[in-house]
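Asker: Return a 3D structure for these sequence lines:
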Amino acid sequence: MPHYTESKILPYTPQQLFDLVADISRYPEFLPWVIAVRIRSREENRMTADLIVGFKAFRESFTSKVTLDSPHSVSVEYIDGPLSHLHNEWHFTEEGEGKTRLDFMVDFSFRSRIFEALAGQFFDRAVQKMTQAFEERANNLYGLSDA
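Answerer: Residues are numbered from 1 along each chain as shown. Next up is the predicted model:
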């Protein structure tokens with residue numbers, strides 16, 4: 001089962017990073033391979049969303065439940081799609097004025113062993129590219145802080 005974790009200090013507030021990650025409907029604007037998003041339901045601190053991801057001729061849709069704990073965390077649990085398991089978490093911890101420690105974790109497994117083997121070959125690079133896209137989005141939205 002592919003698994004990835006990353007921690008880093010970023011020059012943004014926990015609320016800024018939380019808002020960016022929680023704004024799922026905007027993912028197609030900046031995340032590689034995310035083609036479309038549909039929010040099925042939204043409550044105060046939960047939503048159910050469909051993401052359509054694609055690369056070349058490959059297209060898949062999956063549904064996840066997203067739990068929001070502003071400004072501390074975003075947690076994603078898989079409901080339906082081509083995977084057998086998906087879980088990811090974002091944690092935002094204040095590290096001084098205007099800085100945040102971001103802790104990110106994702107793990108998943110495909111139903112198909114063939115897809116699982118293929119995913120293992122490019123998983124780390126793909127996730128790094130996606131986390132970099134979030135960081136670039138933060139810079140575009142908030143600019144780099146001097147803090």
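
Asker: What's the separation between the residue nearest the centre of the chain and P14?
Answerer: Centroid check for the chain by Cα atoms, centre = their mean gives V21 as the closest residue, at 6.6 Å. Per Cβ to Cβ, to the nearest Å, V21 is found 11 Å from P14. Yep, even glycine has a C-beta here, placed from its N, CA and C like the rest.

Asker: for T93, same thing?
Answerer: Taking Cβ to Cβ as the measure, T93 falls 7 Å from P14.

Asker: How about D80: what's its closest non-neighbour residue?
Answerer: Of all residues not flanking D80 in the chain, T63 sits nearest, at 4.5 Å (Cβ to Cβ, 6 or more residues apart in numbering).

Asker: thought Y27 was touching V53?
Answerer: No. Counting by Cβ atoms under 8 Å, Y27 does not reach V53; the two are 9.7 Å apart.

Asker: Which residues are in contact with each of these two?
Answerer: V34 (Cβ atoms under 8 Å, 6 or more residues apart in numbering).

Asker: which residues touch stretch 4-11?
Answerer: The contact list for stretch 4-11 (Cβ under 8 Å, 6+ apart) reads 17, 95, 98-107, 123-124, 127-128, 131, 135, 138, 144-147.

Asker: Repeat the analysis, applying 6 Å as the threshold.
Answerer: By Cβ atoms under 6 Å, 6 or more residues apart in numbering, the surrounding residues in contact with stretch 4-11 are 95, 99-106, 127, 131, 144-145, 147.

Asker: Next: stretch 39-53.
Answerer: Residues contacting stretch 39-53 (Cβ under 6 Å, 6+ apart): 24-25, 33-38, 60-68.

Asker: got it, and stretch 54-70?
Answerer: Taking contacts as Cβ under 6 Å, 6+ apart, the residues outside stretch 54-70 that touch it are 18, 22, 33, 35, 45-53, 74-82.

Asker: Could I get the full set of strands for this protein?
Answerer: Using DSSP state E, the strands of the chain run over 3-10, 34-42, 46-55, 58-69, 73-80, 83-94, 100-110.
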